[in-house]
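1. structure here, sequence nowhere to be found:
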C-alpha cells in the first residue's frame, strides 16, 4: 500500500534516495515538434497560429480576433456561477491579494558624504502573459495565484491564453479571469500560444514574461523562449512532506497525504514521525479511507510507488531529513510547530500546526501555491510579486565622489588590461 | 567608422532593428561535447575530472586534493600585490559590500484577527559555487561582484573553481579570492568543473547555485545543470547606451563608448543626442582618440559593426528608445539626469550625470556589474544579495481561522474536482 521506512535501518539512505529519484526526461520528439512550431510562429505569425489551433484544438477561425474572448464573456461567466462559488473565488482572491501586498519591493537610494547617490529603482514588467491549461487540468485557483501577484506588482497589462479543445470553454476559468482582472484573453494554447506571446504576431502582443503551468509541449516551449522573455519555473511533480509528532488525528494526516497524491500518479507524499504507533494509525486510516475516494486509483498508485511512512529517531532528525528533501510543501503537524520550523532551511511553504492543511494554502490562506519542486527550494522561492518587478541600479557620482572613485577604478582597470576603462575614469578626475 | 542614424529618417526603425539584431547561436558540437562531459562527471566523478583537467588544461594531478589552492596561497598572492592594487581591491570590496547590504531581505509575518499567522521566512543558500575564467578574461572585479553578494546574503560556504591552463595561476584572481573570503578554491574549469559543482564528486562538494561568467562550454554546461542547481543569467555581449544633452565633454563620451567596445568585437556602444553638432564633436573625438588606444582594433570593429551615433528629436524620444532597447548600461549624460531617469523603465544600471562613467560602476561605485544583457532588463535585475537568498511561505492557521478558511477551500476544491483537498479542509472545521 505504502512503503514503511526506518531511519535506523542500515539501508535507509539508499532506500530514501531511491524513493526520491525522479528523472525528468526530455522527449526528443516533443523537443523537435516544439522547435518547429516556434520557428513557424516566429516566421508566419497569425497564419501559423490559426493553422495549429485548427489542427490541435479543432477550432476553426479565420482571424485571431475571432479567437479573442471578450471581457464581457468573462464577466458573464462570473455572474452565472453559483453564488457560493463566486463568493469563494472573490474571497480567495482578496486574501491572496492582501498577502502578496506584503511582498511589494520599493525603490531605495542613499547619499554618501561626498554627494554621490546610489540606489535601486524598482519597476514592474510592462506586459505579462499567463498560460492557463484547458481541459481537466484547468484550475481557476492557479489563474488567481499567477495573475494576482502580477497585478499587485503594478504590471499594466496581463494577457492570457487558454486552449479550448473542440471550442469548449471552461466557465470557472473565465470567471476567475474576470475576478483577477485579466486584460485580454485568447482561446489558443500549446507551444503555438507560447510562441505567439514570446515573439508577438500581428494580433498577439509580445509579452515580457510568461508564467503558468502546461503540458510537456508548453513546458518545452517555455524553456526554449526563455531569454527572449522571462519564464517562471518549470514545475515537476507536486510533493508534500509531513512531520508529525503524533498529536494530529491520524485521519487528518492521511487525508493530507491523499490531497497531494490525488494530483497525479507521480506526486509524492511522505510522512515522518518518531512515533511508530502513530505511523500504524495513519497506515490504518489510509487503508480505511482510500476506497471511498473518487480518485482512489490515482492516490493508490502515487502512494504505492512514491509515498512512504518513515519512522525517525526524533523530531530533530525529521527536520534534518526535510532540509535534505527541500520539499515543495512541508507540514509540521505538531504541538509546538515553531520549535521545529526554526530548524527548517529549505521548503517552498511551511504549514504549521494541525489546522494548517496544505489544502487551505492551495486555495485561500493567501500565500502562493506556485512553489519550487524537485529540491529546487534549496535555491528558489514561491512565485511572488517580486517575479513581476525588476530592479535597475542607480549610480549618480558627484564631482567630489569622482575624485575618489576615479583613481580607484583606474588602478583596477589597468590591472585587468582595460585601458579605455581606465581613461574614462581618469577623465572624471580634475587635474 | 561608426553608423550615423536619425530618428526622423523613414527607415530608422528598420535600421535600428538591424543594428540591435544579435542571434545567440547554440553550437551543436559544443552542446554534445558538454552533454558527454557532464554525464561522465556524474558517473565517474573525480577520475573523470582529473582526466579532463589533464586533457584541456594540461595539468597533471593524481588527486583532486592536489588541485586545491589553499587559502594560504590566496593570502600570499594578496600580500605580494603592489600596495596600490591591494588597496584598490580592498576599498572596492568595502564599497561593494556596503551597497549590497542595502539589498538584504528579511523574514516577515503578520497575525490576522482570528490568530492565523502568515509570512515569509528568508534564508541564505547553503553553498554557492563561483566560476572564474582563466587566462585573458580573468577579471578580479567579477570575482568580487559575484562573491560579495553571496557573503552578504549569509551563504555559509562559497567555493570557487578556476582553470589554470598549463598550471599558470593568475595572482590578482587569487588575491581577490582572499579579499572576498572564498572558502575553498580548486584549479579546475570548463564544463567538467560545472558538472563537479552541480553533481558533487568524492572530493568536490555539490553546491546549490553556480554563478560567474565563462566561455561557450561553461555557458552550455550551466544551462544544462540548471534545475539541479540554480544559475545566474547567461550573459550576452556587453552593451552601453548613452543619452547625452550635449553638456558632457565629447571626449568623455567617446571614451565611455570605447570602454564598452574594448570588451570584445560583439560589444555594442550607442549614443543618442538631440544635438547634431554634439554628435559631430563625438565623432571627431572618436577619430582622434582611437588610434592611441591599445585595444584600437577591437574597439574599431565593435564601433563599426555594432555602434551608432543617433540623432533624436528630443531627450524624451531618447528615453523612449532606451526603454525599447532596455540596455545593460544606460548613461544619462545630461545636466538634469533625474528628469530623464524618471522616464526610464528598463535598464540594468542607470548612470546619472557626466561624472558617472560606466567604468566607475564597473569597479568600485558599489552596485553590481553583473547586469541583464540583450533586452532582458525588461524582466530581470542586476545580480544581487536576493540571488543568494530564498523564501519559504509561512502558514500557521489558527483553529478559529480554519473555521473560515476550511469551507472556502472546500468549495473551491470541489469546483476543481479534487475531493481529497476538500475533505482535508473539511476535517479542520469543527462539526
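-> Cool, the structure landed. Remember, predicted model here, so these are calculated numbers, not experimental data. Numbers count the residues shown, from 1 in each chain, chains lettered A, B, ... in the order given.

2. residue contacts, the residue nearest to residue A:81 when sequence neighbours are not counted?
-> Of all residues not flanking residue A:81 in the chain, residue A:175 sits nearest, at 5.2 Å (C-beta to C-beta, 6 or more residues apart in numbering or on different chains). Quick note: C-beta positions are derived from backbone N, CA and C, even for glycine. Residues in contact with residue A:175 (C-beta atoms under 8 Å, 6 or more residues apart in numbering or on different chains) are A:74, A:77, A:78, A:80, A:81, A:85, A:86, A:89, A:140.

3. one more time with 6 Å, if that's ok
-> Residues near residue A:175 by C-beta atoms under 6 Å, 6 or more residues apart in numbering or on different chains: A:77, A:78, A:81.

4. filter those down to the ones in strands?
-> Among these, no residue falls in strands (DSSP state E).

5. mind putting the residues you listed in JSON lines, neighbour count and distance to residue A:227 included?
-> Shown next, in JSON lines, are these (neighbours: other C-beta atoms under 10 Å in any protein chain shown; distance: C-beta to C-beta, whole Å):
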{"residue": "A:77", "neighbour count": "21", "distance to residue A:227": "35"}
{"residue": "A:78", "neighbour count": "20", "distance to residue A:227": "36"}
{"residue": "A:81", "neighbour count": "22", "distance to residue A:227": "39"}
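
6. closest one to residue B:38 out of these, please.
-> For those, the residue nearest residue B:38 by C-beta to C-beta is residue A:77; the value is 48.0 Å.

7. residues near the closest residue to the closest one other than its chain neighbours, how many?
-> Closest residue to residue A:77 apart from its sequence neighbours, by C-beta to C-beta, 6+ apart: residue A:174 at 3.8 Å. Counted with other C-beta atoms under 10 Å in any protein chain shown, the neighbours of residue A:174 add up to 27.

8. and residue A:174, that one's in a strand?
-> No: counting by DSSP: H, G, I helix; E, B strand; the rest coil, residue A:174 is not found in a strand; it is helix.

9. now it: how far from chain B?
-> Relative to chain B, residue A:174 is positioned 13 Å away (criterion: C-beta to the nearest C-beta, to the nearest Å).

10. how about residue A:51?
-> Here residue A:51 is placed at a distance of 26 Å from chain B (C-beta to the nearest C-beta).

11. likewise for residue A:117?
-> Shown here: residue A:117 relative to chain B, a distance of 8 Å by C-beta to the nearest C-beta.

12. what of residue A:235?
-> Here the criterion is C-beta to the nearest C-beta. By it, residue A:235 lies 11 Å from chain B.

13. ok, back up a step: take the contacts of residue A:175 and keep only those in helices.
-> Using DSSP state H, the members of the contacts of residue A:175 that fall within helices are A:77, A:78.

14. tell me the one of the contacts of residue A:175 nearest residue A:311?
-> Relative to residue A:311, and with distances defined as C-beta to C-beta, the nearest of the contacts of residue A:175 is residue A:81, at 46.0 Å.

15. which bits of the stretch 201-350 of chain A sit near chain B?
-> Within the stretch 201-350 of chain A, the positions near chain B by C-beta under 6 Å from any C-beta of the partner chain are A:208-209, A:230, A:252, A:255-256, A:258-259, A:262, A:293-294, A:345, A:347, A:349-350.

16. now the end-to-end length of stretch A:1-11.
-> Between the opening and closing residues of stretch A:1-11 lies a distance of 20 Å (C-alpha to C-alpha, to the nearest Å).

17. make that stretch A:231-247, sorry
-> Separation of the first and last residues of stretch A:231-247 by C-alpha to C-alpha is 41 Å.

18. could I get the average pLDDT for it?
-> Here the mean pLDDT over stretch A:231-247 is 93, rounded to a whole number.
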